[in-house]
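[1] Prediction below, plus the sequence it came from.
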Amino acid sequence: MSPLQIRVDDLSGDATRALIAAHLDGMHDSSPPESVHALDIDGLRHPSITFWSAWRDDRLAGIGALKTLDAERGEIKSMRVTDAFLGQGVGRALLRHIVAAARDRGMKTLWLETGSPAEFEAARRLYLSEGFTPCGPFADYREDPYSVFMTLTL
């Protein structure tokens, strides 16, 4: 198996755009609209966000982003692995890449919001296994029965 390559993505490629669309569809399938916090392509192009894609050979394996909240805090956004690469460590590799980027930028903490429904169990297990701990809402989020908030001290 060839190595995974993670690179900054400009969000212009068809595969990337299709995975973002699938990600948004999945969020809307499992949560009411007011509880969906995933960003669309325009939202992911905000200057405070760095977006990465993971590739194995010429196949898109996953995506993830880091949003700068302030000089010391970042938020993980839009983590998604393509179905063909589930269970192959792509999500963990992307998460570790984003954590390393946050450390390199001098951030002290990382935050994330993920879903509480069963469809998000694998994501929650991944975050817990990488040292994230549950916390309350952060930034502009509010308590929501469809959300789980987590943080990691870097």
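    Arrived safely.
[2] now what about the one helix or strand M150 maps to, what contacts it?
    Per DSSP states H and E, M150 falls inside strand 147-153. Applying CB atoms under 8 Å, 6 or more residues apart in numbering, the external contacts of strand 147-153 come out as 35, 37, 99, 108-116, 120, 124, 127-128, 130-138, 141. Heads up, the C-betas are built off the backbone N, CA and C, glycines and all.
[3] In strands only, show me those.
    Counting by DSSP state E, these place T109, L110, W111, L112, E113, T114, G115, T133, P134, C135 in strands.
[4] Could you export those as JSON lines, including distance to L94?
    Output for these, formatted as JSON lines (distance: CB to CB, whole Å):
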{"residue": "T109", "distance to L94": "19"}
{"residue": "L110", "distance to L94": "13"}
{"residue": "W111", "distance to L94": "16"}
{"residue": "L112", "distance to L94": "12"}
{"residue": "E113", "distance to L94": "17"}
{"residue": "T114", "distance to L94": "14"}
{"residue": "G115", "distance to L94": "18"}
{"residue": "T133", "distance to L94": "20"}
{"residue": "P134", "distance to L94": "21"}
{"residue": "C135", "distance to L94": "21"}
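[5] And those, which two are furthest apart?
    Among those, the pair separated by the greatest distance (CB to CB) is T109 and G115, at 21.2 Å.
[6] And the two? Which one has more around it.
    Taking other CB atoms under 10 Å, T109 and G115 do not tie; G115 has more neighbours (22 against 16).
[7] Wait, the more buried one touches Y146, no?
    Yes: judged on CB atoms under 8 Å, G115 makes contact with Y146 at a distance of 6.0 Å.
[8] residues in contact with the closest residue to S35 other than its chain neighbours?
    Spatially, and ignoring its direct neighbours in sequence, S35 is nearest to Y146 (3.7 Å; CB to CB, 6 or more residues apart in numbering). Shown in contact with Y146 (CB under 8 Å, 6+ apart): S31, P32, S35, G115, S116, P117.
[9] Could I get the contacting residues of F51?
    By CB under 8 Å, 6+ apart, the neighbours of F51 are V8, D9, L11, L44, R45, I63, G64, A65, S78.
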